[in-house]
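*Asks:* The sequence isn't on hand, but the structure is:
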């Protein structure tokens, strides 16, 4: 608690889980959740470093912006996903491979 | 003098140029252009000749040269060199050439490419004269090649006949093999001495710039050219085939002049022949003399007999050069030019007659075959008589020119053998004398089979006529030139030319090698020479007569059953009849081998060089998962193969692009991990 | 061990556990709810990191905004009553491998640096500071973020709008 | 520099922001059939901002907005390239997109984002600017909503990009942790004062590279690109291949030069030398991989847009190649290359845009016999393609010439060799298109009408492509005054 | 003043004029092209008249003639620097001549006429540019400018496998030239202009060894650069084993293009060696000269052997080029007067002879529509004039005395024999093989019984004869009297040899 290590470990684990989710989920929305996990891990790192390293609180501010980004990203991603769902009635990314090689 | 020589030389060239471009449009297809050109050359040569006789100086020489190529260290001058040697040669060439030109007017009449024939003849005369006149080996080589081309063109004159085209090609390529040596010899000489000019070379050898083994090598290499051109063993195979050309050509080129150019060359370079080189020359010549004679015995084509006889006689001359009897060899060149040209023209006359007879009777057989002839002496008296004269001359019967020269050669070889401690060298006179018997034998075989006895084909015989004057007159001229008188002037000694102009004016060239070494290369004392000469004369007359007698026994009186004898010595006969299978041998080894080799290389080029990466692409395909385009054979080229390879790699890499975004992310992740792992470990 | 500390580790475990559920849940809707708990867990941790403002923002934006959006997406794009439709996943081993490698690398990264020797500031409220910073040092990013949101708005609206006139 | 005084250094961006807002308002006032006016306005706004950017050459290099951004000559040139490229893209799009004003708004916002990328100097700004560009690009890539391919590409793009950005941000968080700073200059100072552990630092760098590299499609972060390029509307494909790439390269250069490499005397150099990991070598390997993969895979493409996608990967590889030398000459070469790449690449894309419309296919086969059906277009296309290959006397050659010369100058011979060999490979697939156009013929040789507008645009691209191959001194001068990076 | 620039650039302006002519007016296109190519020929001939034989050139700007020298891209010290010396002028003259004749030989082109002639004219500028450039960068540009038109000329107007041949040619030669690019850059960064002190592409400065900075004098780097450069040129020559593009390109190219390819383009490789490799890397050149000689001999023999095995007439001629270019290599590996001049003379001579051969093949192909050697026979019956000219050309190719080929070969042999004895002997063997395949070909095509298929084959036309006769005359004229050409070489070659340590 008074050491940065636990936070970093949480960040790292969530990051790994995020990456895992991105790769593991078949559903586009699921992948989006993975991305949110990754961004959260980024945030906790920034905030932790802001407390333990930085003399100011730059990290926290960056986190705010990352949250904003996450929101915007999610909005657009969902819009795209909806579009695809409308056309193909699926959001299964394994079936979205018309373009390859 | 020089101007005169230039006229002699360049007039035929002028004639050639006119003929080749305008010949067709000129009256009589322009034969008169060539004839008059060579006629003038002949007349001019005669002037030179007479001047020479009247000046009577053995050391006479005139030279003139101009720079031709001159860059840095590399200089070649071109010039003319006239001495007695050259004048005699000019005389021979222009005489025979002139007569052959005249003869051709009759012989070639009606030929569709009449004008071209004369053009070629002119070109040949030009080249041959140039060969005689040039003062440097390079120029000689150039002309040497040109006469070769003329020979090629004229042998292949009836190019529609495959055999003629083949013969021309064979002649040229065989000669090229000889020229390979010649050229290398030139390179050796130039590298050592820095000049091609004969007198420079002479000086160079004297100064020792070229000595020892290299000198011998240079001599032998230059001699290689002569082997090719003079059809010496083992490059003799082309000359018999060269008989595919029109007969006047055979007479001019393949009997009198061009083939003798080899002898002329050896004479010209004799000053630089070391003893070893001379031995090589002598043995090749001697062996050829005998070897070719044995083939001539069994041939049935009249011109082939003469061809082998030519080879054999050239062998004599070469042998003479080898044993140091230069003037004798050269003498034989002169006399041989006359009578052999005569023999060919005579046979041409016969063939001409046969040809007409066959046309009349619509028989399609070989007009050259002596088995179809017989008894022609009544129908063609002029031809017969002249032919007989030539035969006597070649057989070496006294009172005829051949006797004088051949006797000198045989005497020379004998003297050589006697002067040497090694008895093996008696082989040379042995070659010479044996060949002399055989020569007399096969020549009379031809005479008997052609002119005596009963006609073997009466149907043809009926239509045999004497040839027109334009053909017989040259024969007569040549016949008269085969009589001893012309060569022994002013002494009229029928059995020795020692007192004649020839022996007086044509001297054995001084050997530069001797000068370099400080002692003579070859020393033959007066005494030996004399005794050899006397003995040689005796033996040669005896042998010649024996040969003639044998011929009559075999073919005229038929005391010996030729057929039975042939059966008895079948293997020997077969060997001789098939010319010792040399053509077959060369065909099986050199020609086939070369073609096979070429095909191997072409295959190599096509498949290996071109397919090297293709091959790796092939392997790649096996290893990579991608197996498409498998059916594409091996044949795509290098670039294509590189393309294939890269494309296959591309194809494999493309597979990573699965179209699934998660694999993309994984791929990037893997790459990232890979980078970190590689760098950190 | 103090209560705070116990609570800290509990939140930590809770967060990680929720994240694991997000990753491994078979049904997307389960993942979505697990994600909610993860966000909340993070908010808890933020408080320990003296980021009170961030904790609140986390709850408001993430839980109130993004998560709702995601849930909305989940509900829109699939039939929640159809259980089978969401059961399938990509190859587990491959994914685990990818995760494991990442984890190892991060372990190396974290272990290499002596992070803990650095300063550890005392807790103090940050909202005011953040407000000042945003209007002073971070004015530009702040403005840019507004444009970004504007753009995202236009884009999302464009994409999501059903256009009858098209074709 | 404080916010207020920074504004004078921020004129083009301000102008563009204002223009965006105005266009949004104007859009509301316009009727459906008049919406193309937003396009015209956008083009006008960009042209004006181009001039405004040009004015910035007079400014002295400085940090603005408390170090969030810098304005230096490289940033100015990159912005110039971006402005021109977007202008061209708008010109490309006008004949096709006439009713959807969102398109132009998004393009302008993207452009603004790219302007920012050209001068970012703070990790927050890096993330923000890249996301701004990214988010708009996702929408643009999926702009043809009814086209499944377009949507598919767009989805892949956003998922991939968001992940990459996440990874990069994660890396940034550690960088922040190592230094306690967000400003690049300060980060550098902190790194020098307190050198981090090597391995950790390296891992952080690689994580960051994942995000920066994805933007310019550096192997192995290139996977998204072919699908997105193929799916996106062709003008957007063209757009993505130049503008964002230029911006991405600017960020990459700026980040690495400021943080990792420093040619200032003293400690900085020794820091780089003491770094176990040879960053230039790493970049060199990645550059070779990038260009080779791009070229080799392009060999087997049949879809022309996909081919251009891979070729653009290869071109990114060439540019990264020149980066490894980390000196003025390398940057100058990259800037030069970007300029010529803009013209030749857009030229090729313009032909693809108009021809795929008329031929109704994106397959390379469809170009068969084009040389006889639309000679001017086909000849221009051939010139663009050969220029892309790097054959003199075309601009592409000069561009490559400078790239290679920078590399050779620094004695990276093997790298240069691999680079030129790659040019040879690239010839094969470029010539493949040329072959279809000229060496093959169709049975029916109907002339394809090409409008005057198309031809004019074509010529606009063609002239610089040829001219800069023969006389490129002005471009050289421009890059000479522009490779200055504030650090 | 500016004569040389005129010669170089008139064709490209001609190309523009040609492009302006309406597509339908094919006749006008052809005539304009012929006129346009004739002008440089006239100018080049005039320049020959003005040529100062004593000026050596090579590495001394003052010794070059018709020099034009000014800045082009000052920022990078790239200059527009052209001029000729004894090394390049004969090639320039030959190029103008062959281009003109090739245009005449292209008269029966009827597909996309405008494009053909425009590209051809562009090609001519490229070729001339290569020969006159003295700035390496300029040289490189022209070098590459030749590629593009060639690709199209083969690819569009070529034979059945034209696409394959064109791309193969293109890739091969591009591969070679990009290697050259690296060398060029490396040299640039290590050479200083003695006046300005900046880096320079000026070849003449590169030749001055003292302008190189230290590391380039380290032999290793020099060796590598030399090898890269050599590969670049070797592909063009082409030297075994880089030759496989040549048969394909020659066979598929239209007649006139084959003429240009064999007559001019092949010479560029050896020209490059003379102009660039030798003076810039004299020490390395000496060290590697034996390898060059060996490659030369391999070329001679290998080319000849493979030529003999060919069934396609044009392919045979193509491989004979490989063989004949071997003489150039052999000669230039010796650094002797005779060898170097001989090599240069062979370049000149082969340019004319091989041009004749390809023109002749084109004449037959136009009539018979195939090139199988075995498919002909006895053509001399129906086409006596043609057969005569062909025989002349073939004899010239086999090195018959009285024609240029012979002089060149003999000079090479003489030059080589004192240096590499065994190799010379092998090379001389090559001329036997050459004689064999050429005579064999002559026989199979022209001699023997007339193939009944060609009962009605028409004799060579006046236009075709017009392309052949000038070359035939020159081959004989310079074969008998080579001094005019050798005089051109002399000063330059002597100077070049002196440069070699």
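*Replies:* Perfect, I can see it now. Source: prediction; values computed, not measured.
*Asks:* just for chain C, where's the confidence low?
*Replies:* Within chain C, the segments meeting pLDDT under 70 span C:1, C:77-90, C:113-120, C:162-167.
*Asks:* Any idea which residue is closest to the centre of it?
*Replies:* residue C:39 (5.7 Å; C-alpha atoms, centre = their mean).
*Asks:* Can you tell me the element that residue falls in?
*Replies:* Here residue C:39 is covered by helix C:28-48, with elements defined by DSSP states H and E.
*Asks:* Remind me what that helix packs against, helices and strands.
*Replies:* Under the contact definition 3 or more C-beta pairs under 8 Å, 6 or more residues apart in numbering or on different chains; DSSP states H and E, helix C:28-48 sits against helix A:5-24, helix A:28-52, helix C:3-24, helix C:52-57, helix C:67-77. To be clear about C-beta, it is placed using only N, CA and C from the backbone, and glycine gets the same treatment.
*Asks:* Using TSV, lay out those helices together with distance to residue E:355 and mean neighbour count.
*Replies:* Below are those laid out as TSV (distance: least, C-beta to C-beta, whole Å; neighbours: other C-beta atoms under 10 Å in any protein chain shown):
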stretch	distance to residue E:355	mean neighbour count
helix A:5-24	66	25
helix A:28-52	68	28
helix C:3-24	76	17
helix C:52-57	83	21
helix C:67-77	73	19
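*Asks:* which residue does chain E bring closest to chain C?
*Replies:* Residue nearest to chain C within chain E (C-beta to the nearest C-beta): residue E:75, separated by 36.6 Å.
*Asks:* count of residues packed around that residue?
*Replies:* 15 (other C-beta atoms under 10 Å in any protein chain shown).
*Asks:* and the angle for the helix holding residue C:39 with helix C:67-77?
*Replies:* For helix C:28-48 against helix C:67-77, the angle by axes from the mean of the first three to the mean of the last three C-alpha atoms, to 10 degrees is 170 degrees.
*Asks:* need the contact list for the closest residue to residue E:442 other than its chain neighbours.
*Replies:* Distances taken as C-beta to C-beta, 6 or more residues apart in numbering or on different chains place residue E:394 nearest to residue E:442, at 5.3 Å, with adjacent residues excluded. Residue E:394 is in contact with E:357, E:438, E:439, E:441, E:442, counting by C-beta atoms under 8 Å, 6 or more residues apart in numbering or on different chains.
*Asks:* List just the nearest of the residues you listed to chain D.
*Replies:* Distance to chain D across the contacts of residue E:394 (C-beta to the nearest C-beta) is lowest for residue E:357, with 26.7 Å.
*Asks:* Check the gap between residue C:128 and residue C:134 for me.
*Replies:* Relative to residue C:134, residue C:128 is positioned 11 Å away (C-beta to C-beta, to the nearest Å).
*Asks:* So which of the two has more stuff around it?
*Replies:* The neighbour comparison of residue C:128 against residue C:134 (other C-beta under 10 Å) goes to residue C:134, with 16 against 10.
*Asks:* didn't that one look like it was pressed against residue C:142?
*Replies:* Yes: with contact defined as C-beta atoms under 8 Å, residue C:134 reaches residue C:142; the gap is 5.1 Å.
*Asks:* Within range of chain D, give me the residues from chain E.
*Replies:* Contacts of chain E with chain D, taken as C-beta under 8 Å from any C-beta of the partner chain, map to E:72-76, E:112, E:140-141, E:144-145, E:147-148, E:151-152, E:155-156, E:162-163, E:166-167, E:170-171, E:174-175, E:178-179, E:181-182, E:185-186, E:188-189, E:224, E:228.
*Asks:* follow-up on the earlier one: can you say which of the helices and strands packed on helix C:28-48 is nearest to chain D?
*Replies:* Nearest to chain D among the helices and strands packed on helix C:28-48 is helix A:28-52 (3.6 Å), distances taken as C-beta to the nearest C-beta.
*Asks:* That closest one close to chain C?
*Replies:* Yes: applying C-beta under 8 Å from any C-beta, one finds that helix A:28-52 is in contact with chain C at A:28-30, A:32-34, A:36-37, A:40, A:43-44, A:47-48, A:50-52.
*Asks:* Any buried residues in the lengthiest helix in chain A, and which?
*Replies:* Scanning chain A for the longest helix, with DSSP state H as the assignment, gives helix A:58-88. Under the neighbour-count criterion of 16 or more other C-beta atoms under 10 Å in any protein chain shown, helix A:58-88 has A:58-85 buried.
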